[in-house]
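K.L.:
with the input below, show me the fold.
(chains A and B)
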Amino acid sequence: MATINASISLSSDIMSYPISINKSMSMKKLASCHGLDETTGLRTKKFGTVTTAAVIVEHDELTDDKAHMVYIRNTTSSKAGYFYVAYNSGAAAATTTEVIGKLYGGDWMLFPYNGNTNITVASDGAAEQTLEYMVFADGIVTAAG
Amino acid sequence: MATTTATVSISSGDLNPGSSLSINASSQLMKTGLTTGLELMEMGNHSIATSTEFNLSSALGEVNGAHYVYICNTTTNDEYYIEWGLHDTMIGNLNSGQWMFIPWNNAVATDSEIELEAKNGTCTFEYAIFKSAWTLPTAAA
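P.N.:
Prediction:
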């Protein structure tokens, strides 16, 4: 069993008093006290000025109905560009079912994922952008021989 | 202009044998496609009874915008978890003590609600939603 820790810090002066949220967690298997101990590895991918959708997490590599965690970051410095990120077999656009959100330059996301459908992204295509991503897996399907 | 910053650190000393993992990222959250800060937020705590669905977000607001959502399952029982999704599609399972942070674009105003459902027992959670722009309900006549 591995130990994978993650912490978040959210701060804002959007209200009249400072907002400060700090939380730490240990990534665990579904409904269990045992930690996640597998990963598909940290990957980096550059995307050119095209808007073609690309699958970055293939659900058939992961066990279904589990508590995987997915980390994605748009490492581009410009805030003008973004990726659509969708829970979809092969599409990611403004109204794709189910598009989660738009990941702008510098933004990151970390979310639990059940492994039942692909995670697909699509660049806005205005400029070259780079994504880094990693799945912390609650079960990886052994490749067929 | 409001300044809202989100920082994450992920670490493990034994996930990859021979090399420790250390990911650190920080981002200043901005309005949709702009360099100005977000202008609205809401936060709170709730509990959800077993197998009950909870709609975290309203359908009002900027469609296809830059909004951000933080949710933490504050339940302490390891067997209780929260299934989360958009509209009627469930996307993942948030274990007790775990948090998540996502951008949320409110893709289709009536079909992009964030839904939470407690599994195995009553779950408590805390949340914060940061919004790029939002339409408040019109007062009833």
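K.L.:
just the pLDDT for the residue of chain B most remote from its centre.
P.N.:
In terms of distance from the mean C-alpha position of chain B, residue B:18 ranks first, at 34.0 Å (Cα atoms, centre = their mean). On the pLDDT scale, residue B:18 is placed at 84.
K.L.:
kindly report the same for residue B:109.
P.N.:
Here the pLDDT value assigned to residue B:109 is 64.
K.L.:
flag every buried residue along stretch A:56-75.
P.N.:
A:56-57, A:59, A:61-63, A:66-74 (16 or more other Cβ atoms under 10 Å in any protein chain shown). Just so you know, the C-beta spots here come from the backbone N, C-alpha and C atoms, and that holds for glycine as well.
K.L.:
measure the nearest residue to residue B:133 once chain neighbours are set aside to residue B:29 for me?
P.N.:
By the measure of Cβ to Cβ, 6 or more residues apart in numbering or on different chains, the closest residue to residue B:133 outside its immediate chain neighbours is residue B:62, 4.5 Å from it. Distance from residue B:62 to residue B:29, counting by Cβ to Cβ, to the nearest Å: 14 Å.
K.L.:
on that earlier part again, among the buried residues of stretch A:56-75, which ones lie close to chain B?
P.N.:
Among the buried residues of stretch A:56-75, the residues that sit close to chain B (Cβ under 8 Å from any Cβ of the partner chain) are A:66, A:67, A:68, A:71, A:73.
K.L.:
do you know the pLDDT at the third one?
P.N.:
Spelled out, it's residue A:68. Reported pLDDT for residue A:68: 98.
K.L.:
leaving out the residues flanking it, which one is nearest to it?
P.N.:
The nearest residue in space to residue A:68 (Cβ to Cβ, 6+ apart) is residue A:113, at 4.6 Å.
K.L.:
ok, the one you found touching residue A:57?
P.N.:
Yes - using Cβ atoms under 8 Å, residue A:113 is in contact with residue A:57, at 7.2 Å.
K.L.:
overlap of the contact sets of those two?
P.N.:
Listed as contacting both residue A:113 and residue A:57 by Cβ atoms under 8 Å, 6 or more residues apart in numbering or on different chains are A:70, A:119, A:135.
K.L.:
for the residue nearest to residue A:68, what are phi and psi?
P.N.:
Dihedral pair for residue A:113: phi -140, psi 130, per degrees, to the nearest 10.
K.L.:
what about the strands in the chain?
P.N.:
The chain I'm using is chain A. A:5-12, A:19-26, A:38-39, A:43-47, A:54-57, A:68-74, A:82-87, A:99-104, A:108-113, A:119-123, A:129-137 (DSSP state E).
K.L.:
that's the wrong chain, I meant chain B
P.N.:
Along chain B, the segments classed as strands by DSSP E run B:4-12, B:21-28, B:40-48, B:53-55, B:67-73, B:81-86, B:89-95, B:99-104, B:114-119, B:123-131.
K.L.:
can you put those strands in a markdown table and add mean pLDDT?
P.N.:
Shown next, in a markdown table, are the strands of chain B (pLDDT from 0 to 100):
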| stretch | mean pLDDT |
| --- | --- |
| strand B:4-12 | 96 |
| strand B:21-28 | 95 |
| strand B:40-48 | 92 |
| strand B:53-55 | 90 |
| strand B:67-73 | 96 |
| strand B:81-86 | 96 |
| strand B:89-95 | 97 |
| strand B:99-104 | 97 |
| strand B:114-119 | 95 |
| strand B:123-131 | 94 |
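K.L.:
among the ones you listed, which is nearest residue A:130?
P.N.:
Closest to residue A:130 of the strands of chain B, according to Cβ to Cβ: strand B:21-28, at 12.9 Å.
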